[in-house]
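1. got a predicted structure here, sequence first:
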Amino acid sequence: MPSESSSVAAETDLERTLLEDPALREGLAWGKPRRGHPEGTVGAHVAELLAAIERWGETGKRREELRFLALVHDSLKYQVKNWLPHTGENHHAARARRFAEGYTDDERLLATIEQHDRPYSIWRKVQRKGREDDHAINEMIDRIPDLDLFLRFVELDGSTEGKNHEPIRWLKSELAQRGLDS
């Protein structure tokens, strides 16, 4: 049976190096169909994101950045200790950031990886409590050096089957209200 990483065609030397990393390979093979990810493995999700980047016609540096983010963002989920709270260093996004730090020091990419699920979690909290959490929203925004890249990746990650598009609409509205939309 081919590995999940073998179904991803590397386009750059960085991608080739990433796809040879045993931690990433294990991460891409991890997973089964679940809420928000009916496609199953992380590798299947990543393949869908890479196909979307292609459909969207992304080119140049932005394409390379989005592909890097897609490859890494969920690939450390298998290391999360499910008996502990999924916060701090036990959150998959924090683990993915630490992994990515071995390949880049670009804070725009690292912050996007670390914060990529934050809009969804803030949106869910708003839905539960029935009121905005300006502190959480502002704190997230303050941690993102490149809001355009961040929003594009959040849109990409939220574009697959099984994802709720309402958090993305909410995020765009919040950014517009703050004059931060592009």
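-> Now that the structure is in, tell me what you want to look at. Residues are numbered from 1 along each chain as shown.
2. what about Val42, neighbour count?
-> Close neighbours of Val42, defined as other Cβ atoms under 10 Å, add up to 25. C-beta coordinates here come from the backbone N, C-alpha and C atoms, glycine included.
3. typed the wrong thing, it's Arg124
-> Using other Cβ under 10 Å, Arg124 has 12 neighbouring residues.
4. what about it, which helix or strand?
-> Using DSSP states H and E, the element containing Arg124 is helix 118-129.
5. contact partners of that helix?
-> Residues external to helix 118-129 that are found in contact with it (Cβ atoms under 8 Å, 6 or more residues apart in numbering): 132-133, 136-137, 140, 154, 158, 164, 166-168, 170-171.
6. which residues in the chain form helices?
-> Taking DSSP state H to define them, one finds helices in the chain at 13-20, 22-29, 42-56, 60-72, 92-100, 107-115, 118-129, 134-142, 147-157, 166-177.
7. and the longest one, average pLDDT?
-> Looking back up the chat, that one is helix 42-56. For helix 42-56, mean pLDDT rounds to 95.
8. got the angle for that helix vs helix 92-100?
-> In terms of direction (axes from the mean of the first three to the mean of the last three Cα atoms, to 10 degrees), helix 42-56 departs from helix 92-100 by 80 degrees.
9. which residues touch the residue nearest to His116 when sequence neighbours are not counted?
-> On the basis of Cβ to Cβ, 6 or more residues apart in numbering, the spatially nearest residue to His116 that is not a chain neighbour turns out to be His73, at 5.3 Å. His73 makes contact with Ala93, Ala96, Ile113, His116, Phe153, Asp157 under the criterion Cβ under 8 Å, 6+ apart.
10. also Glu26?
-> Glu26 is in contact with Tyr78, counting by Cβ under 8 Å, 6+ apart.
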